[in-house]
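Peer 1: Pasting a predicted model and its sequence here:
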Amino acid sequence: MNCITIRFYGELNDFLPLERRQVAFRHCFRGRPAAKDVIESLGVPHPEVDLLLVDGQSVGFGHRLRGGERVSVYPPFRSLEVGDLSAVRPAPPEEPRFVLDNHLSKLAGYLRMVGLDARYRKDAGDEEIAATAAAEARIVLTRDRVLLKRSQVAHGYCVREDDPERQLFEVISRFHLFDRLRPFTRCMRCNGVLEPVAREEVWERLPQQVREFYTEYTRCPACGGVYWRGTHYDRMREKIQRLQAAARGQQPAGAAACEEGPGPAGRADGSSESVAEGPRQTGAGRAGTGAEAEAGEVGMPETCGPVRGDEGDG
Ligand SMILES: [Zn+2]
């Protein structure tokens with residue numbers, strides 16, 4: 001057996017049993033495994049790792065360990081100067097794009113609400129999610145470590161929080177997205193980019209009381225959903241401003257580590273107090289272009305979700 005001394009830093013400790021957190025510990029193995037395999041065998045998915053030092057030298061995931069080394073494993077640095085050490089992964093996509101695991105429907109809706117590109121399909125399996133991430137250079141968001149360990153997943157993050165609103169904050173903080181938020185520019189149902197539309201064009205689909213009170217409308221070119229700045233709009237905007245204010249203050253406390261194996265389906269979406277508001281949507285007359293072949297159910301509240309019976313994959 002060959003043994004190394006290894007220590008994980010920062011939030012990577014979320015994945016370790018208590019006795020291994022924040023300390024260097026001995027770990028033994030047979031042969032000369034790649035560093036990536038050793039790290040993942042200890043429970044930490046590789047997309048969570050940003051820097052790997054072996055005896056003080058930065059190395060890649062493929063670096064073979066032979067025993068006797070001291071290994072330090074770091075998450076992405078928030079403010080630390082890493083100098084000329086090289087990160088193990090390629091730089092993340094410049095314009096952040098996400099693909100979400102199927103138990104994070106509410107988070108998908110929230111991300112879209114703030115204008116972030118979030119692919120989500122409720123029936124998507126791990127294989128499809130990993131393939132989408134690779135093909136479209138998307139960051140995988142999940143609570144399932146096994147999904148993150150797939151080699152196709154270059155960029156990913158294991159969501160620690162349970163509450164969807166806190167999850168949104170967590171993701172925005174983790175990927176430094178506060179300057180990139182464009183609230184109410186995306187369809188919460190299918191991720192399409194909303195376009196302004198003349199009231200006359202959608203007149204027939206608008207409820208009577210909406211026609212009277214609102215003059216500005218947007219439409220999703222992908223699913224045809226129509227949005228207006230309804231009574232909930234301001235509360236929604238306040239919520240976003242609260243998130244931004246909180247970001248200037250403090251980081252949210254990390255919650256329990258991610259689950260090993262299938263994520264706790266439903267848990268992340270089970271809270272009923274979450275988005276009880278949003279830009280309202282008629283949900284009528286979906287164009288069904290199939291530009292985004294996604295089911296519309298993003299776990300949004302009834303006030304902004306698709307009208308019953310109007311469901312389908314577009
Ligand atoms: Zn849409």
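Peer 2: That came through, no problem. Residues are numbered from 1 along each chain as shown.
Peer 1: which other helices and strands contact the longest helix belonging to the chain?
Peer 2: Using DSSP state H, we find that the single longest helix of the chain is helix 233-249. Helices and strands touching helix 233-249, by 3 or more C-beta pairs under 8 Å, 6 or more residues apart in numbering; DSSP states H and E, are helix 164-174. Quick note: C-beta positions are derived from backbone N, CA and C, even for glycine.
Peer 1: so what secondary structure elements neighbour the helix it packs on?
Peer 2: Applying 3+ C-beta pairs under 8 Å, 6+ apart, we find helix 164-174 packed against helix 105-113, helix 233-249.
Peer 1: how near is the closest residue to residue 239 other than its chain neighbours to residue 233?
Peer 2: Of all residues not flanking residue 239 in the chain, residue 165 sits nearest, at 7.4 Å (C-beta to C-beta, 6 or more residues apart in numbering). Plainly put, residue 165 is 17 Å away from residue 233 if you go by C-beta to C-beta, to the nearest Å.
Peer 1: ditto for residue 70
Peer 2: Computed as C-beta to C-beta, the residue 70 to residue 233 distance reads 55 Å.
Peer 1: So between these two, which is more surrounded?
Peer 2: Legend: neighbour count by other C-beta atoms under 10 Å for residue 70 and residue 233, higher for residue 233 (18 against 13).
Peer 1: That one reaches residue 184, doesn't it?
Peer 2: Yes: counting by C-beta atoms under 8 Å, residue 184 is a contact partner of residue 233 at 7.4 Å.
Peer 1: For the ion, give me its nearest residue in the stretch 1-150 of the chain.
Peer 2: The ion sits closest to residue 112 of the stretch 1-150 of the chain, with a gap of 9.1 Å, by C-beta to the ion.
Peer 1: check contacts around that residue.
Peer 2: When contacts are counted by C-beta atoms under 8 Å, 6 or more residues apart in numbering, residue 112 touches 118, 186, 187, 188, 191, 298.
Peer 1: could you pick out which of those residues are near the ion?
Peer 2: Among these, proximity to the ion is found for residue 187 (C-beta under 5 Å from the ion).
Peer 1: Sort out for me which of the contacts of residue 112 are in strands.
Peer 2: With DSSP state E as the criterion, strands contain residue 118 from among those.
Peer 1: which one of the contacts of residue 112 has the most neighbours?
Peer 2: In terms of neighbour count, residue 298 stands highest of these at 31 neighbours, by other C-beta under 10 Å.
Peer 1: pLDDT at that residue, what is it?
Peer 2: pLDDT recorded at residue 298 is 33.
Peer 1: which bits of this structure sit near the ion?
Peer 2: 187, 189, 190, 192, 220, 222, 223, 225.
Peer 1: what would those residues look like in TSV with pLDDT?
Peer 2: Compiled in TSV, the residues of the chain next to the ion are given as follows (pLDDT from 0 to 100):
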residue	pLDDT
187	94
189	92
190	95
192	96
220	95
222	94
223	94
225	91
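Peer 1: how about the residues you listed in TSV, adding distance to residue 171?
Peer 2: Converted to TSV, those look like this (distance: C-beta to C-beta, whole Å):
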residue	distance to residue 171
187	19
189	20
190	20
192	20
220	23
222	23
223	24
225	24
